[in-house]
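Chemist: Provide a 3D model corresponding to the input given below.
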Amino acid sequence: MIIMGIDPGFAITGFGVVKYEGNKFSVLDYGAVTTEASMKLSQRLLVLNNRLEELIEKYSPDAISIEELFFNKNIKTALTVGHGRGVAVLAAAKSGVDIFEYTPLQVKQSVVGYGRAEKAQIQQMVKAILNLPAIPKPDDVADALAVAICHGNSHRMGAILGNKAY
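Modeler: Below is the predicted model of the structure:
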């Protein structure tokens, strides 16, 4: 199964594409879609949409996992991240690929085994699970890979329990 993980953002959207086969993960690609602060909102969203659509077409994932919005105290930041998240969900929906959403707590639990894990712990586990030479940067990229791993683990647990994960 090929899984695309997305950590949505506005200035930076992390993505990670992994292959999950035989209880083992391997990385196919990862990186970040970035937009310049000087660009109009509509242009930034268009750049994000176009790049995500290109990646989805290139890798033909079987599933797309997207981190749910974590609401912090800064409402303006939450709203701008929400714009980016909406574009990511729309690009995924337009592809016809099944979309799965996971909370930060679910991702931490799945990747580290502890729902209150620190960011550094998640990054180290992503590096170890995917056998990467270094922790992916920026943080959004490691987060996107973690969301993809989370889906692979959730899909496996669904199969073990006899539940369909979709």
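Chemist: could you use CA atoms for every contact and neighbour count after this?
Modeler: Noted.
Chemist: can you point out the buried residues in the helix or strand of the chain at the bottom of the mean pLDDT ranking?
Modeler: Ranking every helix and strand in the chain by mean pLDDT, DSSP states H and E puts helix 139-160 at the bottom, with a mean of 85. By neighbour count on 16 or more other C-alpha atoms under 10 Å, the buried set for helix 139-160 is 139-156.
Chemist: just stretch 28-43 next, same as before
Modeler: For stretch 28-43, burial by neighbour count (16+ other C-alpha under 10 Å) applies to 30, 31, 32, 33, 34, 35.
Chemist: would you say residue 91 is within a helix?
Modeler: Yes: the assignment for residue 91 is a helix, going by DSSP: H, G, I helix; E, B strand; the rest coil.
Chemist: my read is that it contacts residue 49, right?
Modeler: Yes: if you go by C-alpha atoms under 8 Å, residue 91 and residue 49 touch, sitting 6.0 Å apart.
Chemist: hmm, who's touching the least confident helix or strand of the chain?
Modeler: Applying C-alpha atoms under 8 Å, 6 or more residues apart in numbering, the contact partners of helix 139-160 are 3-7, 12-18, 20, 23, 25, 30-32, 64-67, 100, 102, 106-107, 110-111, 122-123, 126, 135-136, 164-165.
Chemist: pLDDT weak spots in the protein?
Modeler: Applying pLDDT under 70 to the chain picks out residues 70-73, 156-166.
Chemist: any idea where the helices of it begin and end?
Modeler: 41-59, 75-95, 104-112, 119-129, 139-160 (DSSP state H).
Chemist: OK, contacts around the residue nearest to residue 101 when sequence neighbours are not counted?
Modeler: Nearest residue to residue 101 in three dimensions, chain neighbours excluded: residue 66, at 4.9 Å (C-alpha to C-alpha, 6 or more residues apart in numbering). By C-alpha under 8 Å, 6+ apart, residue 66 lies in contact with 5, 6, 7, 8, 89, 99, 100, 101, 102, 144, 147.
Chemist: tell me what the second one is bridged to.
Modeler: Residue 6 forms beta bridges with residue 15, residue 66, as assigned by DSSP bridges.
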